[in-house]
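Colleague: quick one, structure for this:
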Amino acid sequence: MIKEILLADTHNYHGILDERFIDLAHQFSRLQDARTGQGGAALAVYFRGQKVVDIYTGLKSQTEAWQPDTLAVCYSTGKGVLATLAHILVSEGFLEYDKPIA
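Modeller: Modelled structure (predicted):
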């Protein structure tokens, strides 16, 4: 799989991109291109409150390309969202890591 990733297409993506994040887009494209025929993916990045990356690549089905509005199945995403929320609450002083909440 490493060889496929290293030789994969780095420009196989569509969407909007701040040029400061071109390397990220290339790696995203490379990882998905190495999995050709195994679906698609989308990536959005916000930096300092601004959307700087909103790209997509791959296949929606065997005959259709991934589109900006293609829905994807997401598993086990709640833990990451909750962890991020907890870190924000700690940074704002509303929560302490060492203090019981119950």
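Colleague: just the strands in the chain please.
Modeller: Counting by DSSP state E, one finds strands in the chain at the ranges 14-17, 40-47, 50-58.
Colleague: so how far is the longest one off the chain centroid?
Modeller: In other words, strand 50-58. Counting by C-alpha atoms, centre = their mean, to the nearest Å, strand 50-58 is centred 8 Å from the centre of its parent chain.
Colleague: tell me which residues of that strand are tucked away?
Modeller: V52, V53, D54, I55, Y56, T57, G58 (16 or more other C-beta atoms under 10 Å). In this view, the C-beta of every residue, glycine as well, is placed from N, C-alpha and C.
Colleague: just those: which has the poorest pLDDT?
Modeller: When those are sorted by pLDDT, the bottom entry is G58 at 86.
Colleague: distance to D23 added to the strands of the chain, as JSON lines?
Modeller: Listed next are the strands of the chain as JSON lines, based on distance: least, C-beta to C-beta, whole Å:
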{"stretch": "strand 14-17", "distance to D23": "11"}
{"stretch": "strand 40-47", "distance to D23": "12"}
{"stretch": "strand 50-58", "distance to D23": "11"}
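Colleague: L89: which of those is closest?
Modeller: The closest approach between L89 and any of the strands of the chain, judged by C-beta to C-beta, belongs to strand 40-47 at 19.0 Å.
Colleague: can you tell me the average pLDDT over the closest one?
Modeller: Averaging pLDDT residue by residue across strand 40-47 gives 93.
Colleague: give the other helices and strands that that strand contacts.
Modeller: In terms of contact count using 3 or more C-beta pairs under 8 Å, 6 or more residues apart in numbering; DSSP states H and E, strand 40-47 is assigned the packing partners helix 22-33, strand 50-58.
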